[in-house]
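Trainee: Any chance you can model this:
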Amino acid sequence: MTPTIILMLSASAGTGHTRAAEALRSYAAMNGGELAAVHLDVLQFVTPLLRSIYTDVYNLLVGRAPGLWRRLYRATDRARPRGRVHNIRRWAERMSSRALLREVALRRPDLIICTHFLPAEMLSPLCGSGALTCPVWVQVTDFDLHQMWVHDHIAGYFAPNDEVAFRLRERGIAAAAIHVTGIPIMPAFSQQLDRRGCARALRIQPQMMTVLLMGGGTGLGSVLQIAERLLALRINFQIIALAGKSASTLAALRELAARHPGRLTPHGYTSHIERLMACSDLVVTKPGGLTTAESLAMGLPIIVIAPIPGQEEHNANYLLERGVALKAFDMVTLEYRVRYLLAHPAKLEDMRSKARALGRPEAARAVLDTVLAELRT
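Mentor: Model prediction:
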């Protein structure tokens, strides 16, 4: 039996888009030999200049000029889809992406799922001209919708919630082409993980109140500075702190942990974040789309810090409106929020219950079921 070839296209501008594509690929791999799923980062198939714009320039703006990024985000969202700004950008992308189009043609997929707007934008004209005959689907990876995600000739859209689905309809997408599935996350998030077992593996106390610290940002300082501030609180709780891929941050956190035995457990980059979440009672994090989806799937209350203007601000608003998060504007507010939640277990439990109700741990499976059902009709 010839397997169905599924091509997942992401862009490594931030990690969320690639993590969503990997989640889809992982679920596809669980179907045995029926599906052959391949995940490609489209930025590996474009010119160095375009790659730099989508990675280096983006990181520079959100890190050092967030106000400018906010204005750019809003301006491109409000610009006419067929206006000069978007037409020039699309032309530049087409001229820079011939290697990607050759790779797609070589793979001969039965269907394509895009977890970033860039590949959808590149493939849309090919779908319209008939040069690409397989269906192309788009998975929105934030609780927000920007104009750049909406394109002609797309087979269908996967929305994280009803509000994004409504926004898609307002942008002219037919209701029948919109599916509310959630944001794809890895299969491990749909499993029942044992807190005690995960805690023993991490060498932390399973019964102690645990705060998972996943990032710093503008106005709050680094992960190290946040951990130092929280460790100064005279409250009986422990911290799991993630340093990401920063070796220097990890080393500094380990030095801090040595001064606070039994209180702080540092970790570098991990592909098993679900195990850390299973041991935690509260997460302090930036509200990226994938991190938000993972936290909700694990029923974790959230303290939102330093959202990137634009999509992460909308993610934060979604969490705040649904009662699963509080927001810290600075270090003083963060300390107050942590103190408050640890002193009010009923509030923490209410947030936990609401988070579980919003979580969609089977989103990736729902996406694959939908595209395969459409393919077979």
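Trainee: May I have the secondary structure class of V38?
Mentor: Look at V38: counting by DSSP: H, G, I helix; E, B strand; the rest coil, its state is strand.
Trainee: sorry, that was for P206
Mentor: Three-state call for P206 (three-state DSSP): coil.
Trainee: Tell me how many other residues crowd T270.
Mentor: A count of nearby residues for T270, using other Cβ atoms under 10 Å, gives 11. Where you see a C-beta, it was placed from the backbone N, CA and C, and this is true even at glycine.
Trainee: Report pLDDT for the residue found closest to T141 once you drop the neighbours it is linked to in the chain.
Mentor: With Cβ to Cβ, 6 or more residues apart in numbering as the criterion, T141 has its nearest non-adjacent residue at 4.5 Å, and that residue is G289. Here the pLDDT value assigned to G289 is 96.
Trainee: Contact partners for G289?
Mentor: Residues near G289 by Cβ atoms under 8 Å, 6 or more residues apart in numbering: 16, 20, 141-143, 160, 183, 311, 315.
Trainee: just checking, what packs against the helix or strand that contains A28?
Mentor: Per DSSP states H and E, A28 falls inside helix 16-29. Under the contact criterion of 3 or more Cβ pairs under 8 Å, 6 or more residues apart in numbering; DSSP states H and E, helix 16-29 touches strand 4-10, strand 35-41, helix 289-297, helix 363-376.
Trainee: Dump it to CSV, restricted to CA.
Mentor: What follows is helix 16-29, C-alpha atoms only, in CSV (Å, rounded to 0.1, in the frame of the first residue of the first chain):
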residue,chain,number,x,y,z
GLY,A,16,6.3,27.8,17.8
HIS,A,17,5.8,27.2,14.1
THR,A,18,8.4,24.5,14.0
ARG,A,19,7.0,22.8,17.2
ALA,A,20,3.5,22.7,15.7
ALA,A,21,4.8,21.1,12.5
GLU,A,22,6.8,18.6,14.6
ALA,A,23,3.7,17.7,16.6
LEU,A,24,1.8,17.0,13.4
ARG,A,25,4.7,14.9,12.1
SER,A,26,4.8,12.9,15.3
TYR,A,27,1.1,12.1,15.2
ALA,A,28,1.4,11.1,11.6
ALA,A,29,4.3,8.7,12.5
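Trainee: between it and strand 4-10, how many degrees?
Mentor: Using axes from the mean of the first three to the mean of the last three Cα atoms, to 10 degrees, the inter-axis angle of helix 16-29 relative to strand 4-10 is 170 degrees.
Trainee: What are the buried residues along helix 16-29?
Mentor: Neighbour-count burial for helix 16-29, counted by 16 or more other Cβ atoms under 10 Å, picks out 16-28.
Trainee: pLDDT (mean, whole number) over it?
Mentor: The pLDDT scores in helix 16-29 average 96.
Trainee: so where's this protein uncertain?
Mentor: Counting by pLDDT under 70, the chain shows low-confidence ranges at 1, 82-92, 95, 216-220.
Trainee: Quick one: residues contacting the residue nearest the centre of it.
Mentor: Taking Cα atoms, centre = their mean, the centroid of the chain lies closest to L290, which sits 2.3 Å from it. Neighbouring residues of L290 by Cβ under 8 Å, 6+ apart: 15-16, 19-20, 141, 183, 185.
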